[in-house]
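Peer 1: what would the 3D arrangement of this be:
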Amino acid sequence: MPLTPSLLVKDLGGLFLYYPGQSAINRVPRTALELGARVGAGVVRRLGAEDMRDELRRIYLGREIPRSEKEILRDTYRLTMFNELEVLRYPYLNPNTIGDTAVIEGREHLDTALSKGKGAIVLIGHFGANQMIMPALGHVGYPMNQLSAPPPVWGEILRETRTTPLWERVLQRRWELEKRLPVRHINVFRFLRPAFECLARNEVLGLAFDGGGGKKWARLDFLGRKANVSMQPAQIWHKTRAALLPTFVFRDPGEARHRVVITEPLEWQGDGERSLQAYADRFGEAVLRHPEHYLYFLALRRRVRGSDVMPFFDDYPPAEHQMSQAEAEERLKRAGEWRDPEEA
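Peer 2: Purely as a prediction, here's the structure:
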């Protein structure tokens, strides 16, 4: 994809942060990230927020917005920038430092689930600092596995709509940092046997319900809209009989630590679609209370609607360049062929 002025600003900023900036940020006090997040958020916000503003209005269509749009958008950018900066501090996290960064609430739900010997699925959305679940659980001793896409894979997935050479370098550096986390990464676009095997070993599996990959889809009611969600989490849940624990990461601007909140297990509702609907209902309540934790992801899914196998929502405006479903599936197949050079 050719570099536009806005992409050039974003990619140069990302390249600076992930290379010379990463070492410096890893050494400064964590409290300094808040100032950096405010400055960076102000720059990025000026590059355009119309998609995000429209998504915010769709969340509350027919409902009262809890505070002003300006305030919610401001906090969205600040939280997103803070979370991105904190990725640069992954090498700093260890069992001795994780308590300064994150606190776990509802740990008893996870312990009870593991006591049954069938593993536990920590089901998340791309909500807040969702990746903080990996170090928060892993560094306190839980055997943690994460089903997701390695960052470099997104360079292939978004080849036509977002990818630039500079961004590919940023994605590679991010992957190097994520591999420092106490987690076994399982590529969602490859064979899923490791996901089943880790649950059979009575370990923890983290996965997201709102990703863009999958072969079978459920059409759910979510925030008053029709959402297309992969059946994959329900399939793993049903086949393994592991406990499924809806989990969230909250951190309001200015708060010192993330709160990793593990909620009570969700009961199987008789079939996969109804079970995912029950999760979507619980997740939607969190989004209504904390829209700033989810707006950035909603805007991202809207921007890539033309290249998604299935758009997240049915009510998006038409994309300028719309792939056919077959073309999008072929692109995901190619993405699944990516191999980490260290695997060789």
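Peer 1: C-alpha only now, for contacts and for neighbours.
Peer 2: Noted.
Peer 1: residue boundaries of the strands in this protein?
Peer 2: 102-105, 120-124, 144-148, 184-187, 204-208, 217-222, 225-230, 243-250, 258-262 (DSSP state E).
Peer 1: and residue 340, which of the ones you listed is closest to it?
Peer 2: Residue 340 lies closest to strand 184-187 among the strands of the chain, at 10.4 Å (C-alpha to C-alpha).
Peer 1: on the pLDDT front, check residue 12 for me.
Peer 2: As predicted, residue 12 sits at a pLDDT of 88.
Peer 1: quick one: residues contacting it.
Peer 2: Residues in contact with residue 12 (C-alpha atoms under 8 Å, 6 or more residues apart in numbering) are residue 166.
Peer 1: any chance of the strands of the chain in CSV, with mean neighbour count too?
Peer 2: CSV is the format used below for these (neighbours: other C-alpha atoms under 10 Å):
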stretch, mean neighbour count
strand 102-105, 18
strand 120-124, 25
strand 144-148, 21
strand 184-187, 20
strand 204-208, 25
strand 217-222, 18
strand 225-230, 20
strand 243-250, 24
strand 258-262, 21
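Peer 1: mind putting those into CSV with distance to residue 278 and mean pLDDT?
Peer 2: Below are those laid out as CSV (distance: least, C-alpha to C-alpha, whole Å; pLDDT from 0 to 100):
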stretch, distance to residue 278, mean pLDDT
strand 102-105, 21, 98
strand 120-124, 12, 98
strand 144-148, 21, 97
strand 184-187, 26, 96
strand 204-208, 15, 97
strand 217-222, 10, 97
strand 225-230, 13, 97
strand 243-250, 10, 98
strand 258-262, 16, 98
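Peer 1: out of these, which comes closest to residue 163?
Peer 2: Distance to residue 163, taken as C-alpha to C-alpha, is lowest for strand 144-148 among the strands of the chain, at 19.0 Å.
Peer 1: ok, back up a step: how about the strands of the chain in JSON lines, adding distance to residue 73?
Peer 2: Shown next, in JSON lines, are these (distance: least, C-alpha to C-alpha, whole Å):
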{"stretch": "strand 102-105", "distance to residue 73": "24"}
{"stretch": "strand 120-124", "distance to residue 73": "22"}
{"stretch": "strand 144-148", "distance to residue 73": "27"}
{"stretch": "strand 184-187", "distance to residue 73": "32"}
{"stretch": "strand 204-208", "distance to residue 73": "24"}
{"stretch": "strand 217-222", "distance to residue 73": "21"}
{"stretch": "strand 225-230", "distance to residue 73": "21"}
{"stretch": "strand 243-250", "distance to residue 73": "17"}
{"stretch": "strand 258-262", "distance to residue 73": "20"}
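Peer 1: any idea which of the ones you listed gets closest to residue 302?
Peer 2: Using C-alpha to C-alpha as the measure, strand 225-230 is the one of the strands of the chain that comes nearest residue 302, at 12.0 Å.
Peer 1: just to revisit the earlier point, which of the strands of the chain sits closest to residue 83?
Peer 2: Of all the strands of the chain, it is strand 258-262 that lies closest to residue 83, at 10.1 Å by C-alpha to C-alpha.
Peer 1: alpha carbons of that closest one, in CSV - could you do that?
Peer 2: Presented in CSV, the C-alpha positions along strand 258-262 are these (Å, rounded to 0.1, in the frame of the first residue of the first chain):
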residue,chain,number,x,y,z
HIS,A,258,-4.6,-2.6,35.2
ARG,A,259,-7.4,-4.6,36.8
VAL,A,260,-7.6,-8.1,35.2
VAL,A,261,-11.2,-9.1,36.2
ILE,A,262,-12.0,-12.8,35.8
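Peer 1: ok, and the closest non-adjacent residue to residue 293?
Peer 2: Excluding its sequence neighbours, the residue lying closest to residue 293 (C-alpha to C-alpha, 6 or more residues apart in numbering) is residue 128, at 4.4 Å.
Peer 1: the one you found and residue 288: what is the separation?
Peer 2: Distance of residue 128 to residue 288, given as C-alpha to C-alpha, to the nearest Å: 13 Å.
Peer 1: higher neighbour count, these two?
Peer 2: residue 128 (25 against 18; other C-alpha atoms under 10 Å).
Peer 1: am I right that the more buried one is in contact with residue 253?
Peer 2: No - taking C-alpha atoms under 8 Å as the contact criterion, residue 128 and residue 253 are not neighbours in contact, 11.2 Å apart.
Peer 1: which residues do those two both contact?
Peer 2: residue 79.
Peer 1: and the closest residue to residue 302 other than its chain neighbours, how many neighbours does it have?
Peer 2: Distance criterion C-alpha to C-alpha, 6+ apart; nearest residue to residue 302, sequence neighbours excluded, is residue 316 at 7.0 Å. For residue 316, the neighbour count with other C-alpha under 10 Å is 14.
Peer 1: and residue 316, how far from residue 126?
Peer 2: Distance, residue 316 to residue 126, using C-alpha to C-alpha: 19 Å.
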